[in-house]
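Enquirer: pasting the sequence and the predicted model now:
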Amino acid sequence: MPRKFFKRYMPSADKVREVKAFRLFGERIFHPALWHLNRRTAAGGVAIGLFCGLIPGPFQMLGAGIAALLLRMNLPIALLTTLYTNPLTIVPLYLIAYQLGSFVLGATRGAQPQPPPDWVWTQPAASAEAFGRWMLSLGAPLALGVVLLASLLSACGYVIVRLIWNVHLRHAWHARRKRRAGSRA
């Protein structure tokens, strides 16, 4: 079922090859490993997509595509999985990442980040330095939290896909064994 489900919605390499815009990437994008679908490549594609989905800005799919190319995982699944982040989910995910980063760095629980410093127009250098320090104080927990959350989501996604795929295969094997035993009797 997982293989049939994914194959139903995934484009083939031949269909993608027909799109002239993809010729820009050369033949590397059409490597068979990027389009092959099995437990390992599907789980790897999901893991890549979940990790790269937290990349800021419009670079999520670019990062997932490059990672899928380098790691030889399923490219369509990696690209599609990045779509879990959108304007509705990115803010809560980044808040979770900030809290996770604050927790790991030992920041006090429940403490709100400091408000930005006032800009003193007569002292722009000092104001810029104070503003930079304020940004760095926010940036460390957020940067660490994003990497940790992306790694956690990626690992969980990989394990969940592998478990679901294995459960489905075992169920299919038992059903096949049962059918064979019933046809012999």
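Expert: Nice, thanks for sending it over.

Enquirer: where in the chain is pLDDT low?
Expert: Counting by pLDDT under 70, the chain has low-confidence residues at 1-14, 16-26, 108-116, 128, 131-132, 134-138, 185.

Enquirer: which residues touch the residue nearest the centre of the chain?
Expert: What sits nearest the mean C-alpha location of the chain, by Cα atoms, centre = their mean, is Leu50, with 1.7 Å. Contacts of Leu50 were listed using Cβ atoms under 8 Å, 6 or more residues apart in numbering, and they are Thr81, Tyr84, Ala150, Leu153, Ser154, Cys156, Gly157. C-beta coordinates here come from the backbone N, C-alpha and C atoms, glycine included.

Enquirer: tell me how far the nearest residue to Asp118 once chain neighbours are set aside lies from Phe51.
Expert: Excluding its sequence neighbours, the residue lying closest to Asp118 (Cβ to Cβ, 6 or more residues apart in numbering) is Ser127, at 7.8 Å. The gap separating Ser127 from Phe51 is 37 Å, by Cβ to Cβ, to the nearest Å.

Enquirer: and those two? which has more neighbours close in?
Expert: Between Ser127 and Phe51, counted using other Cβ atoms under 10 Å, Phe51 has the larger neighbour count: 26 against 15.

Enquirer: what sits closest to the more buried one if chain neighbours are left out?
Expert: In space, Phe51 is closest to Ser154, 4.0 Å off (Cβ to Cβ, 6+ apart).

Enquirer: likewise for Leu144?
Expert: Gly101 (4.0 Å).

Enquirer: buried ones in the host helix or strand of that neighbour?
Expert: Using DSSP states H and E, Gly101 maps to helix 90-105. Residues Leu93, Tyr94, Ala97, Tyr98, Gln99, Leu100, Gly101, Ser102 are the ones in helix 90-105 that count as buried (16 or more other Cβ atoms under 10 Å).

Enquirer: off-centre distance for the longest helix seen in the chain?
Expert: Using DSSP state H, we find that the single longest helix of the chain is helix 124-184. Centre-to-centre, helix 124-184 and its host chain are 7 Å apart (Cα atoms, centre = their mean, to the nearest Å).

Enquirer: which helices and strands sit right next to it?
Expert: helix 2-9, helix 39-52, helix 90-105 (3 or more Cβ pairs under 8 Å, 6 or more residues apart in numbering; DSSP states H and E).

Enquirer: switch the ones you listed over to JSON lines; also include distance to Arg133.
Expert: Formatted as JSON lines, those follow (distance: least, Cβ to Cβ, whole Å):
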{"stretch": "helix 2-9", "distance to Arg133": "48"}
{"stretch": "helix 39-52", "distance to Arg133": "30"}
{"stretch": "helix 90-105", "distance to Arg133": "16"}
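
Enquirer: so which of those comes closest to Lys15?
Expert: In terms of Cβ to Cβ, the element of the helices and strands packed on helix 124-184 nearest to Lys15 is helix 2-9, at 12.3 Å.
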